[in-house]
Each structure stands twice: as C-alpha cells, then as structure tokens.
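Q: Everything below, folded, please.
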Amino acid sequence: MLTRSDLFTLEAYAAQRAQFRARVLAHKKARQVALGPNATLYFEDRLTIQYQIQEMLRIERIFEAKAIEEELAAYNPLIPDGSNWKATFMLEFPDVDERHAALERLYGIEDRLWVAVAGHEWVFGLADEDLDRKTGAKTSAVHFVRFALERSMIDALKGGAALAMGVDLDNYRYAANPVDAAAREALVADLK
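A: So this is what the prediction gives:
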C-alpha cells in the first residue's frame, strides 16, 4: 500500500520525471502478457501504481492532502497483496471502426481471462470489481482484473512450475503457454 510519504511532491516529480518514467517503463516490459494480437494483460505492482498516481497528480496539478488521499484510495486497491495478481486488461485496436466492431464481438471477454499453474485448475480473473465496464451491447477496451491464487499454486510457482495465461471466449481463444520467462519471473516475485 502506498501512502503520501511514498510520493514525490509535484516539484520533486517534475525534476526527476524523465528518469523515473524510464525506470518504470523498463520495469513494465516484463510485466505484460500478450493474449493474441490485440489483447494484453499489463500486471500492476507497487511501482506501476506509484507511477500512475504520480502522473495523475502531475496532470491534474493535485497538491492538497485530501485530494492526494483520494487518489491513493482509488489506486491502492490495484496493488497485488502477495496472494494475487492484478492487471489492466486492454483490447487494443488502432482503427476506430475495427475497435467498435471488436468490442461488440468480444462482449464478456473480461470474464473469460484465466491463469494456470502447471498441475492446477485454471483460475478465472475477477474483472471490474470497482464498476461494471460493459454496456448491454459491447465490452470496454480497458478492464481491471484480479487473479486470486491458492497457497498451493504460489508454492508450485516458487518451486518452478510452469505458468500459462489465456482467454476462453467462444469467438476468441488464445493462450500464452507458457508465459515467457521474464514475465513469469516478475510475477512470481510479486507472490509471498
């Protein structure tokens, strides 16, 4: 969990934003898993969420204690707690018309995201616990997903078990099996 004391002031952040941003972007590279050409899970952690908060404070010019606490309250739930992974799931279609059609075709995809530890059943993510992001006709291009892991899964991963992730929707099935070594290492490091 982040507190106000973990954050840079606006002035301090401005002075070191370029270096901090470069550090975070390098860190994020190992924390993403592509699920086909247009879908990606971006796994969050304390550093990625600190960056999000710092950027929101900068963009909105937020410096008052109460407003900073509100940002912390909004973003802290996106930090994994050692027994789960939390990810931003993005459906990325650069063409507006293609994106609109895809969001209709992929309705419900956020409920069909899974992770699998070798020797265990799939764990489906819990999507958008903060609010429902789909309308009656289409899904959203961005979802927040939590994957809750059992202790036996965590122990297996720490012991070297393979990790896979995927989507199991009737008209969109894709698996990253196995998840690449860099992503697996970064995600296992999040577990306690």
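
Q: so the spatially most central residue of the chain is in which element?
A: The centroid of the chain falls nearest to residue 87 when counting by Cα atoms, centre = their mean (1.8 Å). Counting by DSSP states H and E, the element that carries residue 87 is strand 84-91.

Q: Following element in sequence after that strand, please.
A: helix 96-105.

Q: Show me what that next one is packed against.
A: Other elements packing on helix 96-105 under the criterion 3 or more Cβ pairs under 8 Å, 6 or more residues apart in numbering; DSSP states H and E are strand 84-91. In this view, the C-beta of every residue, glycine as well, is placed from N, C-alpha and C.

Q: For the closest residue to residue 113 other than its chain neighbours, give me the backbone phi and psi.
A: If the residues on either side of it in the chain are set aside, residue 113 comes closest to residue 125, at 4.4 Å by Cβ to Cβ, 6 or more residues apart in numbering. Main-chain dihedrals, residue 125, degrees, to the nearest 10: phi -70, psi 150.

Q: now residue 125: how far from residue 138?
A: 19 Å (Cβ to Cβ, to the nearest Å).

Q: Name the residue in those two with the higher neighbour count.
A: residue 125 (24 against 16; other Cβ atoms under 10 Å).

Q: In terms of helices and strands, where is residue 54?
A: Residue 54 belongs to helix 46-60, assigned by DSSP H and E.

Q: Next: residue 153.
A: Per DSSP H and E: helix 151-158 holds residue 153.

Q: and that helix, which residues are buried?
A: For helix 151-158, burial by neighbour count (16 or more other Cβ atoms under 10 Å) applies to 153, 154, 156, 157.

Q: Just want the angle from it to strand 84-91.
A: 80 degrees (axes from the mean of the first three to the mean of the last three Cα atoms, to 10 degrees).

Q: Show residues contacting helix 151-158.
A: Contacts with helix 151-158, where a contact means Cβ atoms under 8 Å, 6 or more residues apart in numbering, come from 83, 117, 118, 119, 120, 123, 149, 163, 184, 188, 191, 192.

Q: PyMOL command to pick out the buried ones of those?
A: Per 16+ other Cβ under 10 Å, the buried members of the contacts of helix 151-158 correspond to this PyMOL selection:
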select buried, resi 117+123+149+163+184+188+191
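
Q: so which of the contacts of helix 151-158 comes closest to residue 97?
A: residue 123 (34.6 Å; Cβ to Cβ).
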